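A.B. asks: Take a look and give me a structure for this.
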Amino acid sequence: MDCLCKDCLERCPSVSLEEWREILCVNPFYFWQFGMDYYTNRDTLIPVNSGAPCNAVVYEACANGGSYVGRKEIWDALLNADDKFSVFTGYHPDWKRGWDHDEMSFKQAYIGGPLRLRWAKLKELGQESFLSLYTITMPPEYITDEDGDGLPDTITFIGEVVSGVTIDELAFYFREDDWKYQDRCRNEIRPTSIKQVGTQWIITLPSWTMVKPKIYSGMNQGPLNPEDLNNYTLSIDVYRRWADPTKAITVMRRNNICSCDNTEECYDCEAGEACVINYERSIIEIRPVLNKCCQKCIHKICIHYRSGDCGHPNLIANLAASELQRPICCEKEINQTLAWQQADFISVTTKGQIATPLNMVERSNPFGTTRGAIEAYRYLRWRRVRKATRI
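C.D. replies: As a prediction, the model looks like this:
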C-alpha cells in the first residue's frame with residue numbers, strides 16, 4: 001500500500017561513478033568506454049580500438065570472463081562503502097543522498113517520550129518526492145570541444161527557471177527511451193554544473209557521462225567512438241527532488257472493516273506531526289494524533305527523513321576501490337592508483353609468519369586491511385568519530 005513504509009527504497013551512492021573516476025585518476029575516455037585509432041587524435045590520451053583481447057577500456061559489466069571489473073561492480077562497491085561508513089559512524093556520509101525511513105510501533109512512538117531515529121545528523125523531516133518539470137532537447141551543436149583537442153568534451157543544456165524551485169532541488173535523468181537500468185539512480189546524470197542566468201538555467205555536463213545507457217549492451221560491447229554524436233543523448237528529463245514535510249510522519253491505523261482477505265494488512269493512513277529536539281543526534285518527539293479514533297487503534301508509525309554528514313567523497317571512493325580486488329582494465333597507467341588502494345597491509349613471509357606494520361586495533365578494524373580501508377579507519381579515528389548512544 002502507498003501509505004506503508006517502503007522497505008525497498010532506491011539506494012544512491014554518495015559518490016557517483018564520474019566522481020569515483022576523477023578521484024581515482026582514471027582517464028574519462030577509458031572509463032566511459034571510448035576508443036579510437038591513435039593516429040586520428042595524436043594529442044589526446046585515448047585508447048586504441050585495436051580489437052585485442054586485452055581490455056583497454058572499462059565496460060559496463062565485468063569483461064574477459066570476469067578478469068576485469070565493470071562499472072556495475074564499481075557502483076555496488078560504492079554502495080557497500082556507504083553502508084560500512086554508516087554502520088561505523090551511525091550516520092550517512094552525505095546528507096544529500098541520506099534519504100531513509102524508520103518504521104515503529106505505536107508503543108515506541110507514543111509512549112517512549114523523545115525518540116531517536118536510526119541515523120544521526122538529522123537534516124530535515126520529509127519524504128523524498130519527485131515532480132517532473134519538463135524535458136530539455138538541444139541541437140547537436142551544443143556538443144562542443146572546450147579544450148581544443150579535437151574531441152567533444154562538453155554538452156550544454158538550457159532550461160527555463162521554474163518559480164519556487166531552487167538549484168539544489170534540481171535532478172536530471174536520461175529519457176526513459178534511453179534507459180538501460182531499472183534502478184532510477186543509475187539513470188540519474190551526476191554530477192552537474194548549474195548556474196542561473198536571468199530566467200534560464202545553464203546546465204553543463206561532461207560529454208562522456210552523456211552516452212545513452214542503452215548503448216552499453218554487455219560483455220561483448222566494443223569501444224565507442226567519441227566523434228559519433230549519435231552515442232550521446234541530447235534530451236534530458238528535469239525533475240524537482242525535495243523533502244516533502246507533509247509526508248514526514250505517516251500514522252497507520254488498523255482498519256477493521258475492509259475488503260482485504262486474511263493474507264493482507266489494511267490500514268487507514270493519515271499525516272502526523274513531529275518536533276525535532278536534537279538535530280545532531282536525530283532526536284524527535286511525535287505529537288499525538290487524537291482525531292478519528294483513540295490512540296489504541298494506531299498500529300504503526302512511519303518516519304521519513306534525510307540525514308548525514310557533509311560528504312566524504314575521497315574516503316568513500318578509495319574505500320570502494322579497495323574492495324574491488326581486480327583491475328578495471330589491462331592498462332597499467334590506469335590501474336596504478338587503483339592498485340595502490342587495493343594493496344593489503346598484511347602479508348605472509350616464506351616461513352609462514354604474518355608481516356604487517358598495523359597494530360592489533362587496526363588489524364581488527366571493520367573496514368579491512370587494504371590501504372583504502374586502513375586510511376578510512378585512521379581518518380575516522382583521528383576525527384574521534386563515535387556512534388551516538390541511544391537515549
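
A.B. asks: going forward, measure contacts and count neighbours with C-alpha atoms only.
C.D. replies: Noted.

A.B. asks: And the closest residue to residue 125 other than its chain neighbours, what's its pLDDT?
C.D. replies: Distance criterion Cα to Cα, 6 or more residues apart in numbering; nearest residue to residue 125, sequence neighbours excluded, is residue 305 at 4.2 Å. In this model, residue 305 is scored at 95, pLDDT.

A.B. asks: What separation is there between residue 305 and residue 344?
C.D. replies: Residue 305 sits at a distance of 38 Å from residue 344 (criterion: Cα to Cα, to the nearest Å).

A.B. asks: which parts of the top helix by length along the chain are buried?
C.D. replies: The longest helix of the chain (DSSP state H) is helix 71-89. For helix 71-89, a neighbour-count test (16 or more other Cα atoms under 10 Å) marks 71, 73-75, 77-86, 88-89 as buried.

A.B. asks: With stretch 360-375 instead?
C.D. replies: 362, 363, 367, 368, 369, 370, 371, 372, 373, 374, 375.

A.B. asks: Same question for stretch 173-180.
C.D. replies: 173, 174, 175, 178, 179, 180.

A.B. asks: Next, the residue nearest the centre of the chain: secondary structure please.
C.D. replies: Centroid check for the chain by Cα atoms, centre = their mean gives residue 13 as the closest residue, at 2.0 Å. Assigned state for residue 13: coil (three-state reduction, DSSP: H, G, I helix; E, B strand; the rest coil).

A.B. asks: Okay, now the unreliable bits of the stretch 251-391 of the chain?
C.D. replies: The stretch 251-391 of the chain contains residues with pLDDT under 70 at 253-269, 288-298, 331-335, 348-352, 385-391.

A.B. asks: residue ranges for the strands of it, please.
C.D. replies: According to DSSP state E, counting those that start in this stretch, the stretch 251-391 of the chain carries its strands in the segments 267-271, 273-278, 283-287, 298-307, 347-348, 354-355.

A.B. asks: Deepest-packed of the ones you listed, please.
C.D. replies: strand 298-307 (a mean of 23; mean count of other Cα atoms under 10 Å).

A.B. asks: Would you mind pulling the contact partners of it?
C.D. replies: With Cα atoms under 8 Å, 6 or more residues apart in numbering as the test, strand 298-307 has contacts from 4-5, 91-92, 94-106, 109, 119-128, 243, 247-254.

A.B. asks: That one: how far from the chain's middle?
C.D. replies: Mean-position distance between strand 298-307 and its chain equals 22 Å (Cα atoms, centre = their mean, to the nearest Å).

A.B. asks: rewinding a little: what mean pLDDT does the longest helix of the chain have?
C.D. replies: For helix 71-89, mean pLDDT is 94.

A.B. asks: Name the next helix or strand downstream of that helix, please.
C.D. replies: As assigned by DSSP states H and E, the chain's next helix or strand after helix 71-89 is strand 99-105.

A.B. asks: counting contacts, what elements does that following strand pack onto?
C.D. replies: With contacts taken as 3 or more Cα pairs under 8 Å, 6 or more residues apart in numbering; DSSP states H and E, strand 99-105 sits against strand 298-307.

A.B. asks: Count the neighbours of residue 166 for me.
C.D. replies: 13 (other Cα atoms under 10 Å).

A.B. asks: Please list all residues in contact with it.
C.D. replies: Per Cα under 8 Å, 6+ apart, neighbours of residue 166: none.

A.B. asks: which residues in the chain form helices?
C.D. replies: Per DSSP H, the chain has helices spanning 17-23, 28-31, 71-89, 106, 313-322, 332-342, 360-363, 371-382. These are given in chain order.

A.B. asks: Pull the first one out as CSV, backbone CA atoms only.
C.D. replies: Extracted as CSV, the C-alpha positions of helix 17-23 are listed here (Å, rounded to 0.1, in the frame of the first residue of the first chain):
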residue,chain,number,x,y,z
LEU,A,17,30.7,6.9,-11.0
GLU,A,18,32.1,10.0,-12.6
GLU,A,19,33.3,11.4,-9.2
TRP,A,20,34.9,8.0,-8.5
ARG,A,21,36.7,8.1,-11.8
GLU,A,22,38.0,11.5,-11.2
ILE,A,23,39.2,10.7,-7.6
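
A.B. asks: If we go by neighbour counts, what in it is buried?
C.D. replies: For helix 17-23, burial by neighbour count (16+ other Cα under 10 Å) applies to 17, 18, 19, 20, 21, 23.

A.B. asks: What's the per-residue pLDDT of the fourth one here?
C.D. replies: At residue 20 the predicted local confidence, pLDDT, stands at 96.

A.B. asks: any idea how far it is from residue 286?
C.D. replies: Note on residue 20: its distance to residue 286, by Cα to Cα, is 39 Å.

A.B. asks: cool, residue 300 as well?
C.D. replies: 12 Å.
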